[in-house]
Each structure stands twice: as structure tokens, then as C-alpha cells.
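Participant: prediction below, plus the sequence it came from.
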Amino acid sequence: MRSWGGSEGRVPLRPLGGGRERDVPPECLGEAAPADVLRERVRPLNRDARGRVELG
């Protein structure tokens, strides 16, 4: 998830792949699982590859 700004001791987060913003208490934060990070890094590469194949 990505973070920006924060207020009242909470951190606003949004999933890397997009989605609804959530306000989370700092004590609930932690590192993303390696599989989740890899999935989000590969997603745009797969999307680009599919586009090239469909266009021929």
C-alpha cells in the first residue's frame, strides 16, 4: 500500500494496485509480503506484454 500525509495519529493507505483508501493506526502497519510486492511490480509488465501481443 502507498501512504501519504496523515492526521489524528492515523495513516491513509491505498493498495498499490489501486482501490479504496483506508485510514490505519500506525501500530497496524508493517512490511508487505514479498509475494504481494512482486505481484504489483509484475502487473504493469504483464499488461504491457498483453497489449503488444494483441496489437500484433
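Facilitator: Perfect, thanks for sending it.

Participant: residue ranges with poor pLDDT in the protein?
Facilitator: Within the chain, the segments meeting pLDDT under 70 span 1-8, 53-56.

Participant: distance check, the residue sitting nearest the centre point of it against residue 52.
Facilitator: Residue closest to the average C-alpha location in the chain (Cα atoms, centre = their mean): residue 16, at 1.0 Å. According to Cβ to Cβ, to the nearest Å, residue 16 and residue 52 sit 23 Å apart. C-betas here are computed from N, CA, C, even on glycine.

Participant: just residue 28 next, same as before
Facilitator: Using Cβ to Cβ, residue 28 is found at 40 Å from residue 52.

Participant: next: residue 29.
Facilitator: Distance, residue 29 to residue 52, using Cβ to Cβ: 37 Å.

Participant: just how off-centre is the helix or strand hosting residue 36 within its chain?
Facilitator: Assigned by DSSP states H and E, residue 36 belongs to helix 34-55. Averaging C-alpha positions (Cα atoms, centre = their mean, to the nearest Å) puts helix 34-55 14 Å from its chain's average.

Participant: CA-only coordinates of that helix in CSV, if you can.
Facilitator: Taking C-alpha atoms only, helix 34-55 is exported to CSV below (Å, rounded to 0.1, in the frame of the first residue of the first chain):
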residue,chain,number,x,y,z
PRO,A,34,7.3,-10.3,-0.8
ALA,A,35,4.8,-12.1,-3.0
ASP,A,36,2.5,-9.0,-2.8
VAL,A,37,5.3,-6.7,-3.8
LEU,A,38,6.3,-8.9,-6.7
ARG,A,39,2.7,-9.2,-7.9
GLU,A,40,2.3,-5.4,-8.1
ARG,A,41,5.7,-5.0,-9.8
VAL,A,42,4.9,-7.6,-12.5
ARG,A,43,1.3,-6.4,-13.1
PRO,A,44,2.2,-3.5,-15.4
LEU,A,45,4.7,-5.6,-17.3
ASN,A,46,2.1,-8.3,-18.0
ARG,A,47,-0.4,-5.6,-19.1
ASP,A,48,2.2,-4.2,-21.5
ALA,A,49,3.1,-7.6,-22.9
ARG,A,50,-0.6,-8.5,-23.5
GLY,A,51,-1.1,-5.2,-25.3
ARG,A,52,1.8,-5.9,-27.6
VAL,A,53,0.6,-9.4,-28.4
GLU,A,54,-3.0,-8.2,-29.2
LEU,A,55,-1.8,-5.4,-31.4
